[in-house]
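Enquirer: Kindly return the folded structure for what I paste below:
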Amino acid sequence: MFDIQNDEIIYNNKNGIEYIQFKKLLDFGIKHAYTLKGEGINFRSNSEEEKSSYAKIYDAIGLDINTLVKPLQKHTSNVKCISKVMTKEELQDMDGLITNQKNIALTTTNADCILFFFYDPIKKVIANVHSGWKGTFQKIAEKAIVKMITYYNCNPKDINCFICPSIRKCHFEVDEDVKNLCEEVFSFTHRTNEFIEKGRVVEEKQKYMIDTVMINRILFKELGLKEENIVDCNICSICNSEKINSYRVEGKDFKLATAIISL
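Expert: Residues are numbered from 1 along each chain as shown. Here you go, the predicted model:
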């Protein structure tokens with residue numbers, strides 16, 4: 001059992017794969033999952049376990065593996081509207097996907113970066129967005145919401161956001177150059193003191209802690225998303241690295257988790 005106390009999520013173990021789901025998304029009838037660590041489970045491209053891992057999770061949540069749509073993520077701010085199943089090669093340098101079509105399962109991967117699910121229950125539109133710190137600084141999730149509004153006529157008040165496990169402020173330690181860039185990009189919020197804090201000093205260099213989840217929440221609310229429609233699992237990938245994949249913990253041999261959502 002995954003020992004995280006959060007009334008917003010449920011834990012599952014099926015077909016030899018462990019994963020969590022958001023209760024509210026299940027109430028909407030949306031098939032989705034975020035996978036946890038497990039023996040033989042790895043969604044890293046071209047890994048030995050990739051194909052069987054996808055087969056297990058798709059079967060576990062009742063999806064056809066032929067509906068899989070997975071981009072070649074490159075920490076960009078690129079978001080694509082999807083109307084049919086596409087290959088990874090057709091989705092190079094994409095880090096966000098949106099669709100209003102059934103039988104399309106939007107899939108992203110992570111190992112510390114934030115993965116966002118978005119769902120508009122009125123317009124029946126879903127999105128799946130990969131946002132590491134570079135993506136956050138490029139406001140990729142904000143751009144995905146703007147595309148939902150522009151191309152699918154979504155009302156931001158109807159859009160629900162679900163935040164998957166990721167590195168959190170307690171462990172996202174950066175040097176002064178990244179801190180300065182963060183201050184520069186988000187100075188317009190007049191709230192940088194809320195999501196940037198001084199950390200420890202290492203070899204006479206000041207470190208800083210950045211809350212990228214808070215940054216995105218601020219952007220979402222400025223776009224018009226309701227506070228009650230932003231649901232966070234509140235799981236740090238580093239604090240819970242025994243169950244959550246983490247690049248910072250695992251190093252060069254890191255494995256990837258996947259987040260899947262389908263109408």
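Enquirer: Check the gap between Lys252 and Arg44 for me.
Expert: To Arg44, Lys252 is 11 Å away according to CB to CB, to the nearest Å. Glycine gets a C-beta too; all of them are placed from N, C-alpha and C.
Enquirer: Ala60 now?
Expert: Ala60 is 19 Å from Arg44, where distance means CB to CB.
Enquirer: what's the answer for Thr35, then?
Expert: Distance of Thr35 to Arg44, computed by CB to CB: 12 Å.
Enquirer: more crowded one of the two?
Expert: Using other CB atoms under 10 Å as the criterion, Thr35 and Arg44 rank with Thr35 on top: 28 against 18.
Enquirer: and the more buried one, bridged to which residues?
Expert: On the basis of DSSP bridges, Thr35 is bridged to Tyr19.
Enquirer: same question, Ile10
Expert: Beta bridges link Ile10 to Gln21 when assigned by DSSP bridges.
Enquirer: Need the per-residue pLDDT for it.
Expert: We have a pLDDT of 96 for Ile10.
Enquirer: cool, and Thr109?
Expert: pLDDT, Thr109: 98.
Enquirer: what's the helix or strand for it?
Expert: Following DSSP states H and E, one finds Thr109 within strand 105-110.
Enquirer: can you give me the helices in this protein?
Expert: For the chain, helices defined by DSSP state H occupy the ranges 23-27, 50-60, 133-137, 140-152, 176-185, 192-195, 212-223, 247-250.
Enquirer: burial count for Ser53?
Expert: By other CB under 10 Å, neighbour count at Ser53 equals 24.
Enquirer: Surely it is in contact with Ser45?
Expert: No. Applying CB atoms under 8 Å as the test, Ser53 and Ser45 come out as separate, 11.4 Å apart.
Enquirer: Going by neighbour count, list what's buried in stretch 176-191.
Expert: For stretch 176-191, a neighbour-count test (16 or more other CB atoms under 10 Å) marks Val178, Lys179, Cys182, Phe186 as buried.
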